[in-house]
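**Q** predicted structure and sequence below. I'll ask about it afterward.
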Amino acid sequence: MPDDAAAARAAAEEESAFSHPPVDPDATAAYGDHPDQVIDFYAPRPGPDSAASLAPLVVVLHGGAWRARYDRRHITPFADYLARRGFAVANVEYRRGGEPLIPGQQAGESGGGEGVPLAGRWPDTLDDVAAALDALPALVREALPQADPRRTVLTGHSAGGHLALWGAARHVLPVGAPWRTDGPAPLRGVVALAPIADFEVAEKLDVCGHASLQFLGGQDGFAERRPYADPVLLLPTGIATTLVQGRTDLVVPQQVAEAYVEAAAKAGEMVGLTLLEDVGHFPLIDPAADACAVAAEEIAQLAW
């Protein structure tokens, strides 16, 4: 259990990250019929000087343990932060587990009943991420002409970091998987921020209330579905990948990231790992935190 000082600091970091008002996008496009099957687009600010200097595209997948109460709005300040640093940004929504917040309820409250809402919707969550990534090139051409899809970086935070790693690994999914692609995605790279990157280690540490176990359908589905969903089992990808992790993260501890990096090395792939001292889970997406600038710089290293 964390000591009182560590818990207090983690609570303050979370409060800061969630203190920013949502930032409205410049455009929104649907990639399916469900209300959650949408992508918000943020134009680069300042914009490129000419058509010859289109902005790199950053695709953002939000976290929240794949639970409905955390939607893309909480990461819009981070999306806006990236746009203000000159990136074109696509903020992807997807179907999640449980019920969304009711008026007056705070994120993190259970919403009635025992325990917390189930994490993820199998297979809907992965269906949506795959569909969004497949639809993105055409949607970007219409909604975000300032973007250069040839310079795309996939990023995500926490459960969204898992989805970013998974989205970049679809070409190494088991044969017959509905989300498998014929070849690697045309990405400059992936920057996963405190990702749930190894489900087995995450379960040992009870990350997000056994969210990984819930996502895969409980004990009955965990072993059967892991090869289709767990990034640590989808290596090597051949795509440049960096993980950014706070050393004092109490939500997704650094052991999870380290397990993924170790597995990548055993698979013959070098994955970068940037460990930040005295940083927890939420500063990575908090525009008021220095760690957010580190995350943006890691993205820039791959994008530009």
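**A** Thanks, I have the structure now. Bear in mind the structure is a predicted one, so any value in this text is a computation, not a measurement. Numbers count the residues shown, from 1 in each chain.
**Q** where do the helices sit along the stretch 1-150 of the chain?
**A** With helices called from DSSP state H, counting those that start in this stretch, the stretch 1-150 of the chain shows them at 4-17, 76-84, 124-143.
**Q** just for the stretch 101-250 of the chain, where's the confidence low?
**A** Of all residues in the stretch 101-250 of the chain, those with pLDDT under 70 make up the ranges 101-116.
**Q** hmm, try it at 90
**A** 101-117, 220 (pLDDT under 90).
**Q** which stretches in it count as strands?
**A** Taking DSSP state E, counting those that start in this stretch as the criterion, the stretch 101-250 of the chain contains strands spanning 147-157, 189-193, 241-246.
**Q** ok, back up a step: most packed of the helices of the stretch 1-150 of the chain?
**A** Burial of these is given as mean neighbour count (mean count of other Cβ atoms under 10 Å); helix 76-84 ranks first at a mean of 23. To be clear about C-beta, it is placed using only N, CA and C from the backbone, and glycine gets the same treatment.
**Q** other SSEs contacting it?
**A** Using 3 or more Cβ pairs under 8 Å, 6 or more residues apart in numbering; DSSP states H and E as the contact criterion, the elements in contact with helix 76-84 are strand 38-42, strand 55-61, strand 88-92, helix 290-303.
**Q** among those, which is the most enclosed?
**A** Each of the helices and strands packed on helix 76-84 was scored by mean neighbour count; the highest is strand 88-92, a mean of 29, by mean count of other Cβ under 10 Å.
**Q** sheet-wise, list the partners of that one with their directions.
**A** Sheet neighbours of strand 88-92, with direction, are listed as strand 38-42 (antiparallel), strand 55-61 (parallel) (DSSP bridges).
**Q** so which of the helices and strands packed on helix 76-84 gets nearest Val191?
**A** Across these, Val191 has its closest neighbour in helix 290-303 (4.9 Å, Cβ to Cβ).
**Q** centre of the chain versus the closest one, how much separation?
**A** 14 Å (Cα atoms, centre = their mean, to the nearest Å).
**Q** which residue ranges of the stretch 151-300 of the chain form helices?
**A** Taking DSSP H, counting those that start in this stretch as the criterion, the stretch 151-300 of the chain carries its helices at 159-167, 199-204, 211-215, 219-229, 254-266, 290-303.
**Q** what sits up against the shortest one?
**A** So the one you mean is helix 211-215. 65-67, 97, 118-120, 122, 125, 159, 196, 199, 202-203, 219, 222, 229-230 (Cβ atoms under 8 Å, 6 or more residues apart in numbering).
**Q** list only buried entries from these.
**A** 65-67, 97, 118-120, 122, 125, 159, 196, 199, 202, 222, 229-230 (16 or more other Cβ atoms under 10 Å).
**Q** ok, and the closest non-adjacent residue to Ala289?
**A** Nearest-residue entry for Ala289: Pro283, 3.6 Å, with adjacent residues in sequence omitted and distances by Cβ to Cβ, 6 or more residues apart in numbering.
**Q** state the distance from the one you found to Leu193.
**A** When distances are taken as Cβ to Cβ, to the nearest Å, Pro283 and Leu193 turn out to be 10 Å apart.
**Q** who has more neighbours, these two?
**A** Comparing Pro283 with Leu193 by neighbour count (other Cβ atoms under 10 Å), the higher total belongs to Leu193, at 34 against 26.
**Q** pretty sure the more buried one contacts Gly246?
**A** No - using Cβ atoms under 8 Å as the test, Leu193 is too far from Gly246 to be in contact (9.3 Å).
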